[in-house]
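Novice: Quick one: sequence and predicted model below, then my questions.
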Amino acid sequence: KEPAPDVLRKAAEALSSILRELSSDEVVVCLREVVASICCAVSSAVHAVGVASVALASGSASEAIAARDSARLAVAALLSALAAAAASATDHFAPLAAEAGASLLPLLRASPGGGDGACVAALTPA
């Protein structure tokens with residue numbers, strides 16, 4: 001089962017705070033696992049935006065808007081957590097950059113004129 005977007009957002013915000021408090025030497029011990037988990041969660045949150053966007057298009061407005069907005073906030077918080085991980089251990093992040101970049105490609109490829117609707121919805125302000 002996919003985690004709820006609100007839980008993803010809260011976990012990402014907590015992780016960002018923790019990473020800002022740790023030294024590079026402290027972060028490097030778990031950096032690979034942290035980055036892999038964030039990348040997986042980004043995919044889940046973008047999927048949640050897509051599901052909510054489809055529901056919104058189907059006409060269930062108020063619940064779909066709330067779900068979409070919650071998922072968008074989760075995506076933003078997860079991207080901030082990824083940035084915090086990179087910033088907290090910049091000297092150790094390079095080997096993980098390819099994995100992080102690959103998880104962001106769907107978001108970067110999104111365009112208002114085409115592409116994955118979930119990714120466009122994830123990037124579009126509420």
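Specialist: Everything's here; your move. Not measured: the values here are computed from a predicted model.
Novice: use CA for all of it now, contacts and neighbours both
Specialist: Will do.
Novice: which SSE is the nearest residue to residue 48 once chain neighbours are set aside in?
Specialist: Excluding the flanking residues, the one nearest residue 48 by CA to CA, 6 or more residues apart in numbering is residue 71, at 5.9 Å. Applying DSSP states H and E as the criterion places residue 71 in helix 61-88.
Novice: Buried residues, the helix or strand just after that helix. List them.
Specialist: Where DSSP H and E defines the elements, the next helix or strand beyond helix 61-88 is helix 90-93. Neighbour-count burial for helix 90-93 flags 92-93 (criterion: 16 or more other CA atoms under 10 Å).
Novice: Residue 72 touches residue 43, doesn't it?
Specialist: No. Residue 72 is beyond contact range of residue 43, at 11.9 Å (criterion: CA atoms under 8 Å).
Novice: more crowded one of those two?
Specialist: residue 72 (27 against 17; other CA atoms under 10 Å).
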